[in-house]
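Chemist: generate coordinates for the sequence data below:
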Amino acid sequence: MGRRVVDRDAVKRSAARSTRLSARLSGREVPQRHVRSVEVERFVAARVRRTS
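Modeler: This next block holds a predicted model:
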């Protein structure tokens with residue numbers, strides 16, 4: 001099979017799907033209506049800024 005060019009969004013969707021299904025298999029699934037706390041949102045935002 002030859003090489004393919006895959007766009008960045010497709011890779012992100014694939015990773016998110018894989019993570020979600022892996023969590024479900026191991027019993028770590030987050031409820032659909034879960035809302036993150038303000039502190040967690042700040043933490044995530046800081047992590048995203050640092051890795052970008």
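
Chemist: and the helices in the protein?
Modeler: In the chain, the segments counted as helices under DSSP state H are 8-25, 38-51.

Chemist: pLDDT below threshold where in the chain?
Modeler: When residues are selected by pLDDT under 70, those of the chain lie in 51-52.

Chemist: could you redo the last one with a cut-off of 90?
Modeler: Within the chain, the ranges that satisfy pLDDT under 90 run 1-2, 29-32, 44, 46-52.

Chemist: tell me, what residue is most central in it?
Modeler: Centroid-nearest residue in the chain, with Cα atoms, centre = their mean: Ala16, separated by 4.4 Å.

Chemist: tabulate the helices of the chain (a markdown table), appending distance to Gln32.
Modeler: C-beta: built from backbone N, CA, C; applies to glycine. Compiled in a markdown table, those are given as follows (distance: least, Cβ to Cβ, whole Å):
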| stretch | distance to Gln32 |
| --- | --- |
| helix 8-25 | 11 |
| helix 38-51 | 17 |
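
Chemist: phi, psi of Val6?
Modeler: Here the main-chain torsion angles of Val6 (degrees, to the nearest 10) amount to phi -120, psi 130.

Chemist: and for it, the neighbour number?
Modeler: Around Val6 there are 9 other residues, counting by other Cβ atoms under 10 Å.
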